[in-house]
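*Asks:* A predicted structure for the sequence below; I have some questions about it.
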Amino acid sequence: MLITNIKALVGIHPKEKLFLRGSELKQLPILENAWLLLEDGLIKDFGSMSEMPSQISNLNSQISVEGRFVFPSWCDSHTHIVFAAPREEEFALKIAGKTYEEIAAAGGGILNSANKLQKATEDELFESASIRLKDMIKQGTGAVEIKSGYGLTVESELKMLRVIKRLKQAFPIPIKASLLAAHAYPTEYKNNHQAYIALIINELLPKVSAENLADYIDVFCEKGFFSTEETAQILTAAANYGLKPKIHANQLSSSGAVELGVKHDAVSVDHLEETDAHALQALSNSNTIATLLPSCSFYINIPFANAKGLINNNAIIALASDYNPGSTPSGNMNFVVSLGCIKLKMTAEQAVNAATLNGAAAMELNDEVGSITIGKKANLFITRPMTSLAYLPYSFGQSQIETVILNGEIYNG
Ligand SMILES: N=CN[C@@H](CCC(=O)O)C(=O)O
Ligand SMILES: [Zn+2]
């Protein structure tokens, strides 16, 4: 397929550029008035319309996209899209002023989702997650990470991970799976944390590994959930099975989770709404990516992460959706990018880079997706006619996406 008359081809990073750190994040290379050639599902070549080789201009399958921008697909590196039911009953409580922690303590939250998921069949979970994933793809997402963590028993965590495995097989985008059995303590282990940790380490991890069901280990390291010591125990055990960490850190409090993640060479530490000085220092010049989730802050009314502080400290930051039924019932990366600008004070260029190349890096998919680079997967989207790059985050809540292309083909979902 040949795409011609592109108003602006966005995110043309060289293949050696695997992530953008600190002040590099503002560098978003763009080619105006461009053509883009896709072949065998990959990006084959691109260039200026004024210099388009004649053998290319004779190709059969051409689309001309005057006035429109072409972006690499969003890379959403933090989601929980396998769940049995929404939790809109908590919405009213939230509006009435209850905090996320109060709702969880009153029997809502993760345990509520776990109760429902334990009763759902694998097929039901696959069907509902597929609907969510299709919506996300139509909104421009072309690579995604999905967590377990609403099972909280050996059997149900395996069930969730098997659903993610089926999604990997059924969908035309790269998907990474994270084992998040350490998402909350099931009620029966409330006073015996070590027994639940032993279950994860001695029973679940060997089964997950034998079936090759997970790419990463995740832990909700937070006051009232998993302590730093408990988190360290789980990360150490998972390392024996080759699972690198991507952890939930500093969402509700500064717990030392970020420093712990960096110490364990986590691929990413995610949330960081409480970006304290220790977190900034730990992530400064670190290869652990700080994944920020501004639609979670927006929805549950907690602080927004200190993106600017992280950028100024030469950290690598990514933006992701955190789509889940409790703290972020949305997987719309366009809105995440808008919030990156509006609330995290990132420029449009920084937010786009954080949601594409750095998001890909946070899933170790940066050699495959995340930029317009020859040889990468042709996963991209074409916008409606737009006046400028900034129009996309400026027009928040409204998708500017007209056409989604995955593996070089138009996606009709
Ligand atoms: N904080 C932990 N996990 C999710 C929320 C889970 C839930 O409330 O169901 C998050 O990333 O925000
Ligand atoms: Zn999460």
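*Replies:* In hand now; what should we look at? Residues are numbered from 1 along each chain as shown. Ligands and ions are numbered 1, 2, ... in the order given.
*Asks:* could you check how far Glu409 is from Leu380?
*Replies:* Glu409 is 11 Å from Leu380, where distance means C-beta to C-beta, to the nearest Å. C-beta here means a position set from N, CA and C on the backbone, and glycine is covered the same way.
*Asks:* those two: which has the busier surroundings?
*Replies:* The residue with more neighbours, out of Glu409 and Leu380, is Leu380; 28 against 13, by other C-beta atoms under 10 Å.
*Asks:* and Asn58, how many neighbours?
*Replies:* By the criterion of other C-beta under 10 Å, Asn58 has 9 neighbours.
*Asks:* no no, Tyr323
*Replies:* The tally of other residues near Tyr323 (other C-beta under 10 Å) stands at 29.
*Asks:* most proximal residue of the stretch 51-200 of the chain with respect to ligand 1?
*Replies:* Ile110 (4.7 Å; C-beta to the nearest ligand atom).
*Asks:* helices or strands next to the helix or strand harbouring that residue in the packing?
*Replies:* For Ile110, the host element (DSSP states H and E) is helix 109-119. Judged by 3 or more C-beta pairs under 8 Å, 6 or more residues apart in numbering; DSSP states H and E, helix 109-119 is in contact with helix 100-105, helix 154-170.
*Asks:* which bits of this structure sit near ligand 1?
*Replies:* 80, 109-110, 113, 220, 248, 251, 296, 322, 324-328 (C-beta under 6 Å from any ligand atom).
*Asks:* need these in CSV (columns: neighbour count).
*Replies:* Shown next, in CSV, are the residues of the chain next to ligand 1 (neighbours: other C-beta atoms under 10 Å):
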residue, neighbour count
His80, 28
Gly109, 21
Ile110, 24
Ser113, 25
Phe220, 22
His248, 29
Gln251, 26
Cys296, 28
Asp322, 29
Asn324, 25
Pro325, 22
Gly326, 24
Ser327, 25
Thr328, 23
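*Asks:* let's have the residues you listed in a markdown table, adding pLDDT and distance to Phe91.
*Replies:* Supplementary listing: these in a markdown table, determined by pLDDT from 0 to 100; distance: C-beta to C-beta, whole Å:
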| residue | pLDDT | distance to Phe91 |
| --- | --- | --- |
| His80 | 98 | 17 |
| Gly109 | 92 | 13 |
| Ile110 | 95 | 16 |
| Ser113 | 96 | 14 |
| Phe220 | 98 | 21 |
| His248 | 98 | 22 |
| Gln251 | 96 | 19 |
| Cys296 | 98 | 15 |
| Asp322 | 98 | 16 |
| Asn324 | 98 | 14 |
| Pro325 | 97 | 10 |
| Gly326 | 95 | 10 |
| Ser327 | 95 | 12 |
| Thr328 | 97 | 12 |
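*Asks:* how many residues are close by Glu229?
*Replies:* 11.
*Asks:* regarding it, what is its secondary structure?
*Replies:* What DSSP: H, G, I helix; E, B strand; the rest coil gives for Glu229 is helix.
*Asks:* what does the model give it for pLDDT?
*Replies:* For Glu229, the model assigns a pLDDT of 98.
*Asks:* against Ile197, how distant is it?
*Replies:* According to C-beta to C-beta, Glu229 stands 10 Å off from Ile197.
*Asks:* relative to Lys246, how far out is the closest residue to Leu357 other than its chain neighbours?
*Replies:* The shortest distance from Leu357 to any non-neighbouring residue, by C-beta to C-beta, 6 or more residues apart in numbering, is to Gly370 (4.1 Å). Taking C-beta to C-beta as the measure, Gly370 falls 16 Å from Lys246.
*Asks:* list phi and psi for Arg61.
*Replies:* For the record, residue 61 is Ser, not Arg. The phi and psi values for Ser61, taken as degrees, to the nearest 10, are phi -90, psi 90.
*Asks:* which ones are touching it?
*Replies:* When contacts are counted by C-beta atoms under 8 Å, 6 or more residues apart in numbering, Ser61 touches 1-2.
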